[in-house]
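Asks: Take this sequence and fold it.
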Amino acid sequence: MIEKSEVEKAEGGPMLKYEPVDVYDYHEGNYPGNGKIEIISKTPVTNARDLTLAYSPGVAVACKAIASDKKNLERYTNIGNTIGVISNGTRILGLGDIGMAGYPVMEGKSILFKALANVDAFPMIIPEQDPDKFIEAVEAIAPNFAGINLEDIRKPDCFYIERKLDRILPDIPVFHDDQWGTAIVTLAGVINALKVVDKKIEDVKVVMNGAGASGIAISHMLLDAGVQGKNMLSVDRHGTLFSKRGAMDKYKEELADRLNPSKNDWTLAEAINGADVLIGASSKGAFTSEMIESMNEKAIVFAIANPDPEILPSLAVKAGAAIVGTGRSDYANQINNVLGFPGIFRGTLDVRARRVTKNMKVAAANAIASMVPEDELSVNKIITTPTDPLLMPTSAAAVAKAAMDDNVARNRMTPDEVYENTVKRIEYYKATAGKLVESRKDISKVLDFL
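Replies: As a prediction, this is how the structure comes out:
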């Protein structure tokens, strides 16, 4: 049991308050309005010479160079630093199938890529319900990008879409962030939490509640990182998963083949009894105090349902949990995929990786975990924050190294080179476009900046 002072700290601070008018102003109150993003030029366009070089006839020289050597495409265009943030709008946040109304989410994701890792991301919703037609559309536009970040696609279509695109786009990495971004950051949190409670990943009993996109990916990541299948249980609305149980799609069946070899047919409460680690990617109130009380000593609970967790941290700690994480910023130990995706793509793009491999994902998790030094780890500090200036360079370097180790990198760089490149890119953004962004709410400040 942790000390009372730590219990109080674990309850977190006040939730950030905002009104609808604040959201509307954030999205349209930036001169001249029209959302959160725009395209700006890296080069001047102020005279006839600039126009000639930027467009016709001068641009034809660059076109000919690319036509003669495809490697020049990334030299003379921005494709090498560009990804598509692409959804079909079928599962936008907790809002469901809202199609193009989910576009602000894609814009938001794109500005995080830019602000945190200087990756240029284009938001896009292709409102196509048929998975194969959606895949055809993404395949058609994919040559315009160096990577594809899939976003907010309903289950089970998300699994099918990611896997098929990964197969038919052999030179363009495809990454479904709702699956792997969440899974990577969750694994990072588990790695550090186990250090705090002095347990080993190969020894602990883990229960994963929720077998949706993130739940299945989290389970696979934990197994890949060292959790033993005999010690791992995944639970859906029908109970624990096990091979040939029934009432499972092919993706649950794949996971079931990796865990619960004893085929224990248990309820959630039965599964949690004696567990060391409990993770929820499910719904508000799914965990009770009685469930937490039944866990092993020094229990770890990640209740990452948003906006409301499976159990409030104060209740989990009172019931005996040593460490509690949620998906919310107003509690300690926020498990948030924004810690992952910017650095993952930065490293992937720098070495021109053909795909994002299992080892690259595990490397990202270890890198994120490493951002909190062991002598600073505590029950209320097992994970860093997205604004940690060393996070993205460290993650990018680790991902790039794993890509080279897995022989999927087309550009050889040392991890130190990737690290320094990331630092420079982020610093350059902050010194240039970042300053302009900060000032543009007030047009007079923009003019002063210019």
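
Asks: Can you give me the domain assignment for this structure?
Replies: 4-12+180-326, 24-178, 339-351+359-422 (automatic domain parsing).

Asks: what packs against the biggest helix by length in the chain?
Replies: Counting residues, the longest helix found in the chain (DSSP state H) is helix 177-197. Contact analysis of helix 177-197 by 3 or more Cβ pairs under 8 Å, 6 or more residues apart in numbering; DSSP states H and E lists strand 147-150, helix 157-168, helix 213-225, strand 277-280, strand 299-303, strand 321-326, helix 341-350, helix 358-370 as its packing neighbours. All C-beta atoms are positioned from the backbone trio N, CA, C, and that covers glycine.

Asks: average model confidence for it?
Replies: The average pLDDT for helix 177-197 rounds to 97.

Asks: Tell me the helix or strand right after that helix.
Replies: Downstream of helix 177-197, the next assigned helix or strand under DSSP states H and E is strand 206-209.

Asks: Direction included, what does that following strand pair against?
Replies: The strands beside strand 206-209 in its sheet (DSSP bridges) come out as strand 232-236 (parallel), strand 277-280 (parallel).

Asks: I'd like to check what contacts whatever helix or strand comes next after the longest one. Which residues are they?
Replies: What it means is strand 232-236. Using DSSP H and E, the helix or strand that follows strand 232-236 towards the C-terminus is strand 239-240. The contact list for strand 239-240 (Cβ atoms under 8 Å, 6 or more residues apart in numbering) reads 233-234, 260, 264-268, 271.

Asks: what's the most buried one of the strands paired with strand 206-209?
Replies: Greatest average neighbour count among the strands paired with strand 206-209 goes to strand 277-280 (a mean of 27), per mean count of other Cβ atoms under 10 Å.

Asks: So which of the contacts of strand 239-240 sit within helices?
Replies: Short answer: the contacts of strand 239-240 in helices (DSSP H) are 268, 271.

Asks: Looking at the contacts of strand 239-240, which is nearest A115?
Replies: Closest approach between these and A115, by Cβ to Cβ: S234, at 35.0 Å.

Asks: before we move on, the earlier item: narrow the contacts of strand 239-240 to those that are buried.
Replies: Buried by 16 or more other Cβ atoms under 10 Å: 233-234, 260, 266, 268, 271, out of the contacts of strand 239-240.

Asks: one step back: output the strands paired with strand 206-209 as JSON lines; include the columns mean pLDDT and distance to N78.
Replies: What follows is the strands paired with strand 206-209, written out as JSON lines (pLDDT from 0 to 100; distance: least, Cβ to Cβ, whole Å):
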{"stretch": "strand 232-236", "mean pLDDT": "98", "distance to N78": "41"}
{"stretch": "strand 277-280", "mean pLDDT": "98", "distance to N78": "39"}
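
Asks: CSV for the ones you listed, including distance to N192?
Replies: Formatted as CSV, the strands paired with strand 206-209 follow (distance: least, Cβ to Cβ, whole Å):
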stretch, distance to N192
strand 232-236, 19
strand 277-280, 12
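
Asks: Nearest to D50, out of the ones you listed?
Replies: Among the strands paired with strand 206-209, strand 277-280 sits nearest to D50 (Cβ to Cβ), with 54.6 Å.

Asks: Contacts for the closest one next, please.
Replies: 186, 190, 193-194, 204-210, 218, 272, 286-287, 291-292, 295, 299-305, 309-311.

Asks: Tell me the buried residues within those.
Replies: Buried subset of the contacts of strand 277-280 (neighbour count, 16+ other Cβ under 10 Å): 186, 190, 193-194, 204-210, 218, 272, 286-287, 291-292, 295, 299-305, 309-311.

Asks: how close does T82 sit to V119?
Replies: Going from T82 to V119 by Cβ to Cβ, to the nearest Å gives 8 Å.

Asks: Please identify which of the buried ones among the contacts of strand 239-240 is nearest to N149.
Replies: Distance to N149 across the buried ones among the contacts of strand 239-240 (Cβ to Cβ) is lowest for S234, with 25.5 Å.

Asks: Quick check: bridge partners of that closest one?
Replies: Residues in beta-bridge contact with S234 (DSSP bridges): M208.

Asks: My guess is it contacts S219. True?
Replies: Yes - using Cβ atoms under 8 Å, S234 makes contact with S219 at a distance of 5.0 Å.

Asks: who wins for proximity to P123 among the helices and strands packed on helix 177-197?
Replies: Evaluated over those, closeness to P123 peaks at strand 147-150, with 9.9 Å, by Cβ to Cβ.

Asks: pLDDT of that closest one, averaged?
Replies: 98.

Asks: From the contact counts, what lies against it?
Replies: Using 3+ Cβ pairs under 8 Å, 6+ apart, strand 147-150 is in contact with strand 82-87, helix 157-168, strand 174-176, helix 177-197, helix 341-350.

Asks: Show me what it pairs with in its sheet, parallel or antiparallel.
Replies: Partners of strand 147-150, by DSSP bridges, with direction: strand 82-87 (parallel), strand 174-176 (parallel).

Asks: how about the most centrally placed residue in the chain, what does it touch?
Replies: The residue lying closest to the centre of the chain (Cα atoms, centre = their mean) is G181, at 2.7 Å. Applying Cβ under 8 Å, 6+ apart to G181 gives the contacts 175, 337, 340-341, 344.

Asks: pLDDT check: weakest of the residues you listed?
Replies: N337 (93).

Asks: now that residue: how far from A217?
Replies: In terms of Cβ to Cβ, N337 sits 11 Å off from A217.

Asks: joint contacts of these two?
Replies: Joint contacts of N337 and A217 (Cβ under 8 Å, 6+ apart) are T182.

Asks: Those two: who's more crowded?
Replies: A217 (27 against 23; other Cβ atoms under 10 Å).

Asks: I'd guessed that one sits against Q179; true?
Replies: Yes - between A217 and Q179 there is a contact at 3.7 Å, judged by Cβ under 8 Å.

Asks: All good on my end, thank you.
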